[in-house]
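Peer 1: Okay, structure incoming, though there's no sequence with it:
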């Protein structure tokens, strides 16, 4: 799992976690703080992606899910992110969530934004300069939401 | 402090915390998880309001502040919320934050929404049905943001 997560956290381009995060802290953030964690494996059983799913807020906001996705660096552009997203939406629905929300989608992550839009998410707001991108500095972040059936 | 917070949490109309929250958990949520906590007192030294201030996200989003306000039930419509809000903006600026964001402003809390708008916040997004109001059921929530000078 850490082999998947480490390059993404280190890059500081998509998740707000400290790029210097330790393996232990990353696993707490990804796994222990989640309600469900799934992994995708290829035909050989190698890990190619993962997502977490959790409530996005406390009790009176806990009917809205939040999820995060990572696809292995060498397995991108194969639709794995999209399949993880679809799976997470089904899992969220099965767990009784009424919607899914992403709070801080980095606007420069255009592949991610397009992927989530293709899978039914809408941009409901833009947060000016809300993400400090490791390469680009302060960039806008998007709030994306999808109501579940 | 608990005398201020308890009726607001119990009401389940503005904060997402479990309305059955204990005093100990409420104080952890309000005080221990915050970077700054302020109280407003009247001319007799009685507590009339409080706010917390904290980073709204992790490292690469930690330049955006988040705050929450409570005004005592018997001290409302006196501008105390507005003064707490102004004070929190000054504190946030002094602490180096670049913006302040409210993630889950309950849309039916019209006095709050108007107060924050008067104090420079803009609604940047609407989250459909994101708050389960104890009296009204699922109601929309707003994301409100203000860039700091």
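Peer 2: Received, thanks. Given the structure is predicted, the values throughout are model-derived calculations rather than measurements.
Peer 1: pLDDT at whichever residue of chain A sits closest to chain B, what is it?
Peer 2: Residue of chain A nearest chain B, by C-beta to the nearest C-beta: residue A:125 (2.2 Å). Quick note: C-beta positions are derived from backbone N, CA and C, even for glycine. Residue A:125 carries a pLDDT value of 98.
Peer 1: List phi and psi for it.
Peer 2: Backbone torsions for residue A:125, taken as degrees, to the nearest 10, come to phi -170, psi 160.
Peer 1: Can you tell me, leaving aside adjacent residues, what's nearest to it?
Peer 2: In space, and not counting its chain neighbours, residue A:125 is closest to residue B:125: 2.2 Å by C-beta to C-beta, 6 or more residues apart in numbering or on different chains.
Peer 1: Neighbours of the residue of chain A closest to chain B, how many?
Peer 2: By other C-beta atoms under 10 Å in any protein chain shown, the residues close to residue A:125 number 19.
Peer 1: can you pull the contacts of it?
Peer 2: The contact partners of residue A:125, taken as C-beta atoms under 8 Å, 6 or more residues apart in numbering or on different chains, are A:142, A:143, B:124, B:125, B:126, B:143.
Peer 1: follow-up on the earlier one: show me the beta-bridge partners of the residue nearest to residue A:125.
Peer 2: For residue B:125, the beta-bridge partners under DSSP bridges are residue A:125, residue B:143.
Peer 1: Give me the distance between it and residue A:62.
Peer 2: According to C-beta to C-beta, to the nearest Å, residue B:125 and residue A:62 sit 19 Å apart.
Peer 1: Repeat that for residue A:142.
Peer 2: From residue A:142 over to residue A:62 (counting by C-beta to C-beta), the distance is 22 Å.
Peer 1: Pick out whichever of the two has more residues nearby.
Peer 2: More crowded of residue A:142 and residue A:62, by other C-beta under 10 Å: residue A:142, with 24 against 17.
Peer 1: Regarding the residue lying closest to the more buried one once chain neighbours are set aside, what is its secondary structure?
Peer 2: Among residues not flanking residue A:142 along the chain, residue A:105 sits closest, at 4.2 Å (C-beta to C-beta, 6+ apart). Following DSSP: H, G, I helix; E, B strand; the rest coil, residue A:105 is assigned to strand.
Peer 1: Please name the residues that touch residue A:105.
Peer 2: Going by C-beta under 8 Å, 6+ apart, residue A:105 touches A:112, A:113, A:116, A:123, A:141, A:142, A:143, A:144.
Peer 1: from memory residue A:18 sits against residue B:62, does it?
Peer 2: No: counting by C-beta atoms under 8 Å, residue A:18 sits too far from residue B:62 to count as a contact (9.0 Å).
Peer 1: same for the helix or strand in which residue A:69 is found, what does it pack against?
Peer 2: Element membership for residue A:69, per DSSP states H and E: strand A:64-71. Here strand A:64-71 touches helix A:2-11, strand A:47-55, helix A:80-94, strand A:99-106, going by 3 or more C-beta pairs under 8 Å, 6 or more residues apart in numbering or on different chains; DSSP states H and E.
Peer 1: so does the following helix or strand past the last one get close to chain B?
Peer 2: Spelled out, that is strand A:99-106. Next helix or strand after strand A:99-106 toward the C-terminus (DSSP H and E): helix A:110-118. No: Helix A:110-118 is not in contact with chain B by C-beta under 8 Å from any C-beta of the partner chain; minimum separation 14.9 Å.
Peer 1: Report the distance from helix A:110-118 to the chain centre.
Peer 2: For helix A:110-118, the separation from the chain centroid amounts to 11 Å (computed by C-alpha atoms, centre = their mean, to the nearest Å).
Peer 1: What number of residues are in the vicinity of residue A:74?
Peer 2: Neighbour tally, residue A:74, other C-beta under 10 Å: 8.
Peer 1: Look at it and give its secondary structure.
Peer 2: helix.
Peer 1: Then residue A:17?
Peer 2: Residue A:17 ends up coil, using three-state DSSP.
Peer 1: Quick check: residues of chain A near chain B?
Peer 2: Applying C-beta under 8 Å from any C-beta, we find that chain A lies next to chain B at A:12, A:15-19, A:57-64, A:98-99, A:101, A:103-104, A:124-134, A:138, A:141, A:143, A:145, A:147.
Peer 1: Dead centre of chain A: give me the residue that sits there.
Peer 2: By C-alpha atoms, centre = their mean, chain A has its centre lying nearest to residue A:68, at 1.8 Å.
Peer 1: you'd agree residue A:15 is up against residue A:7?
Peer 2: No: applying C-beta under 8 Å as the test, residue A:15 and residue A:7 come out as separate, 11.3 Å apart.
Peer 1: Which one's more surrounded, the two?
Peer 2: Taking other C-beta under 10 Å, residue A:15 and residue A:7 do not tie; residue A:15 has more neighbours (25 against 11).
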